[in-house]
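Novice: how does the following fold in three dimensions:
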Amino acid sequence: MDVPTLLTDVLRELGADLSFTVAAEGIMPILRSFIKQGINVVNAKFEPSLGFMGITYSRLVDKPGLIVVTPGPGALGVVSPTAEAFVEGDPLIVVSLNVDGIRGTHMHQLPRSDAQISIFKSITKAAFSINDPRDIPSVLTKAFSISMSDKPGPVYVEIPSSMLSEDVGEVKYKVYYSVSKPLASPNDVRVTADLLCEAEYPVILVGRGVRVSHAINEVIKVAETINAPIVTTVMAKDAIPSNHPLYAGVAIGRAGNIVAYEVLRKADVILSVGNRFSEIGTGRYSLEINGELIHVNVDPYDLGRAYKPRLAVLADAKDFLTKILQELSLRGKCRGRGYVINELRELWEREYRELTRYYSSVSGLIKPWEVIKAVRDSVRGNVVFLGDVGAHRIESFLMPIYENERYITTTSYVSMGLAVPGAVAASIVNPDKTVIALVGDGGFLMTGLELSTAVQYHAKPKIIIFNDSSYRVLGVYEKVRFGGITEDLIKLPTVNFAELSRSLGAEGITVEDRSELMKAINEMLAIDRAVVVDVRIDPKSVPIPYQRLYEMHSL
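Specialist: Purely as a prediction, here's the structure:
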């Protein structure tokens, strides 16, 4: 048995069924083995896209995304998305070669043999260098276990290039990886239950860690047991259906839902589970927490870092919430709080009235929130939304997400370029779902050529480009901070993305007038292949959440 065959066999037994790569000479033996033995290969066009594809895969399938890269430019090309996975808790297995030729001048070879692994050590949960091919089963098993345990994240595995040609004979092995999570202490559970039961107005803040630990049912049951409003972070928008009577919106300080902002300001106890209080996720730390905070997180680094809690609980969300439910059931009823649902209904009516003013008073060029509303009005259920970084993504903060829908974005590491490659991966993984990428022209110019990968693999993502020929969100920040806008820093070229998309083999639709918008969205949804809708929007518009945050209505 040669090394590529052994590597493939072990990965298959560990559950790998799909890999993302940019094919290259050095890794060709591995990729050929994958294809021969049934691990599907998606051959992308740009290394950073691989990381975004792997992140999206892991979020949808709940197992590590597998990335295989050539040494040098391939490995270093996935550094940024690997760092995003490390910060945001996405399991990845990054497999790379390390050139170990004695001449020291081989292509892709760095002057120091430990250079690559040294770079990855700081942005992964673990980094391994395999020196004996018989260690492949144990190292990969350990890599999968580490990647999924505690706070999930990336693991880097490096193989000397010379090893690929070795014959290792028959290797007997067993692979089974376990996943470990920190468990809630009985004392933390009792103190939390005391605080929740005694509170006048408790609120539950749900982070993406609740979804990662499969604890959505538990957190909803806790909220229903104590009649507490539920707010979510941006990245957990898809954890709680927007039509649940206790749902109080997205908590991003003044940049989020009015309902969430008001209930958090009023709360005397906040149970925050599975979130890290990131800068963007808190509306530049405009999130107001006046009550006693119980912060539950699987990662000790994040506990109490941004907001000081009354109680910091290191625990897996599912274990903690299960134990809280058991403790509450032993105590019988807590405070009634029967008024909460009616109060939330009144707050939502207030929010809808405000949003209606935005929707009904538009004039001039198309506003980005019109696009978000048109999309939301046109499709519901069985949808995967991907939001790239930019003003359009901020607009989507207020977009409701319903049952059987997913919303994938970044609010911690905040790297542009996620949406298009992520949508390609999502469409390959879930061909039965409608996959909609919301991306600015800046984000598309970074990784948008992965549209050709969608065409190549018959994926059918629907990509909506908010085309204003600028980094509009940078204009907002610059005007807030410096009082003006430097065109040289935010201006982008004017691109006909519909024409570009057609040249790549996809469909392209251009929208220049709001009277064309709904027709274009419906046409997009009816097309049975990859399609781009190029919407020319007002470059002076400020996203609704940032109008609230900065009290600015136009650039």
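
Novice: residue ranges with poor pLDDT in the chain?
Specialist: Counting by pLDDT under 70, the chain shows no low-confidence range.

Novice: run a quick neighbour tally on the nearest residue to C334 once chain neighbours are set aside.
Specialist: Nearest in space to C334, with sequence neighbours left out and distances taken as Cβ to Cβ, 6 or more residues apart in numbering, is C197 at 3.8 Å. To be clear about C-beta, it is placed using only N, CA and C from the backbone, and glycine gets the same treatment. C197 is flanked by 18 other residues according to other Cβ atoms under 10 Å.

Novice: pull out the buried residues from the helix or strand harbouring C197.
Specialist: Following DSSP states H and E, one finds C197 within helix 186-198. Buried residues in helix 186-198, defined by neighbour count with 16 or more other Cβ atoms under 10 Å: 188-189, 192-193, 195-197.

Novice: stretch 281-301 too?
Specialist: For stretch 281-301, a neighbour-count test (16+ other Cβ under 10 Å) marks 281-284, 287-289, 291-299 as buried.

Novice: what is the nearest of these to H108?
Specialist: Closest approach to H108 among those (Cβ to Cβ): D299, at 34.0 Å.

Novice: the nearest residue to the closest one once chain neighbours are set aside: what's it in contact with?
Specialist: Excluding its sequence neighbours, the residue lying closest to D299 (Cβ to Cβ, 6+ apart) is K151, at 4.1 Å. Residues in contact with K151 (Cβ atoms under 8 Å, 6 or more residues apart in numbering) are 89, 209, 298-299.

Novice: please list the outside residues in contact with the longest helix seen in the chain.
Specialist: Across the chain, the longest stretch assigned as helix under DSSP state H is helix 340-360. Outside helix 340-360, the residues that touch it by Cβ under 8 Å, 6+ apart are 227-229, 245-249, 257-259, 262-263, 367, 369-370, 373, 398, 544.

Novice: what do you get if the cut-off is 6 Å, keeping everything else the same?
Specialist: Contacts to helix 340-360, defined as Cβ atoms under 6 Å, 6 or more residues apart in numbering, come from residues 227, 245, 248, 258-259, 262, 369, 544.

Novice: and stretch 250-263, by the same measure?
Specialist: Applying Cβ under 6 Å, 6+ apart, the external contacts of stretch 250-263 come out as 203, 205, 229, 231-232, 234, 237, 248-249, 264, 282-283, 286-287, 347-348, 351, 397, 545, 548-549.

Novice: also stretch 494-510?
Specialist: Stretch 494-510 is touched from outside by 451-452, 455, 465, 469, 520, 527, 530-534, with contacts defined as Cβ under 6 Å, 6+ apart.

Novice: which among these count as buried?
Specialist: Among these, the ones that count as buried by 16+ other Cβ under 10 Å are 451-452, 455, 465, 469, 520, 530-534.

Novice: ok, so of those residues, who is nearest F52?
Specialist: L451 (13.5 Å).

Novice: if I look at the closest one, how far off is A423?
Specialist: Relative to A423, L451 is positioned 9 Å away (criterion: Cβ to Cβ, to the nearest Å).

Novice: what secondary structure does R406 sit in?
Specialist: strand (DSSP: H, G, I helix; E, B strand; the rest coil).

Novice: how is the residue nearest to it when sequence neighbours are not counted assigned, secondary-structure-wise?
Specialist: Leaving aside its chain neighbours, R406 sits nearest to V384 (4.5 Å; criterion: Cβ to Cβ, 6+ apart). With three-state DSSP as the basis, V384 sits in strand.

Novice: touching, V384 and S427? I think so.
Specialist: No - using Cβ atoms under 6 Å, V384 is not in contact with S427, being 8.2 Å away.

Novice: which residue ranges of the stretch 351-500 of the chain form helices?
Specialist: Listed in chain order, the helices of the stretch 351-500 of the chain (DSSP state H, counting those that start in this stretch) span 368-378, 391-395, 419-429, 441-447, 451-456, 472-482, 487-490, 497-503.

Novice: in a markdown table, list those helices along with distance to N40.
Specialist: Shown next, in a markdown table, are the helices of the stretch 351-500 of the chain (distance: least, Cβ to Cβ, whole Å):
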| stretch | distance to N40 |
| --- | --- |
| helix 368-378 | 30 |
| helix 391-395 | 30 |
| helix 419-429 | 8 |
| helix 441-447 | 21 |
| helix 451-456 | 13 |
| helix 472-482 | 36 |
| helix 487-490 | 40 |
| helix 497-503 | 25 |
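
Novice: okay, those, which one's buried deepest?
Specialist: Ranked by mean neighbour count, those are led by helix 419-429 with a mean of 30 (mean count of other Cβ atoms under 10 Å).

Novice: and the contacts of that one?
Specialist: 49, 52-53, 56-57, 60, 384, 386, 388, 435, 437, 439, 443, 447-448, 450, 453-454, 457, 459-461.

Novice: can you tell me which of these end up in strands?
Specialist: Mapping the contacts of helix 419-429 onto strands (DSSP state E) picks out 384, 386, 435, 437, 439.

Novice: could you identify which of those residues has the most neighbours?
Specialist: Result: V439 is most packed of these (other Cβ under 10 Å), 32 neighbours.

Novice: could you give the angle of the helix or strand harbouring I270 to helix 186-198?
Specialist: Element membership of I270, judged by DSSP H and E, is strand 269-273. Calculated by axes from the mean of the first three to the mean of the last three Cα atoms, to 10 degrees, strand 269-273 forms an angle of 130 degrees with helix 186-198.

Novice: show me what strand 269-273 is in contact with.
Specialist: 195, 199, 202-205, 210, 289, 291-296, 317.

Novice: next one: it to chain centre, how far?
Specialist: Put simply, strand 269-273 sits 22 Å off its chain's centre (Cα atoms, centre = their mean, to the nearest Å).

Novice: same question, stretch 169-186
Specialist: How far stretch 169-186 lies from its chain's middle: 26 Å, per Cα atoms, centre = their mean.

Novice: need the contact list for V42.
Specialist: Listed by Cβ under 6 Å, 6+ apart, the contact set of V42 reads F20.

Novice: I'd guess it is in a helix, am I close?
Specialist: No - secondary structure of V42 (three-state DSSP): strand, not part of a helix.

Novice: how much space separates S272 from S470?
Specialist: With distances taken as Cβ to Cβ, S272 is found 36 Å from S470.

Novice: quick one, which of the two is more surrounded?
Specialist: Neighbour count, other Cβ under 10 Å: between S272 and S470, S272 has more, with 25 against 22.

Novice: quickly list what the more buried one is bridged to.
Specialist: Partner residues in beta bridges with S272, using DSSP bridges, are L205, H295.

Novice: how much space between it and V219?
Specialist: S272 is 11 Å from V219, by Cβ to Cβ.

Novice: what do those two both touch?
Specialist: In contact with both S272 and V219: no residue, using Cβ under 6 Å, 6+ apart.

Novice: check contacts around the residue nearest to R59 when sequence neighbours are not counted.
Specialist: In this structure, R59 finds its nearest non-sequential neighbour in I408, 5.6 Å apart by Cβ to Cβ, 6+ apart. I408 makes contact with 56, 59, 386, according to Cβ under 6 Å, 6+ apart.

Novice: cutoff 8 Å now
Specialist: For I408, the contacting residues are 56, 59-60, 384-387, 418, 422, 426, by Cβ under 8 Å, 6+ apart.

Novice: hmm, which two among the residues you listed are most spread apart?
Specialist: Greatest spatial distance among the contacts of I408 (Cβ to Cβ): L60 and G387, at 14.9 Å.
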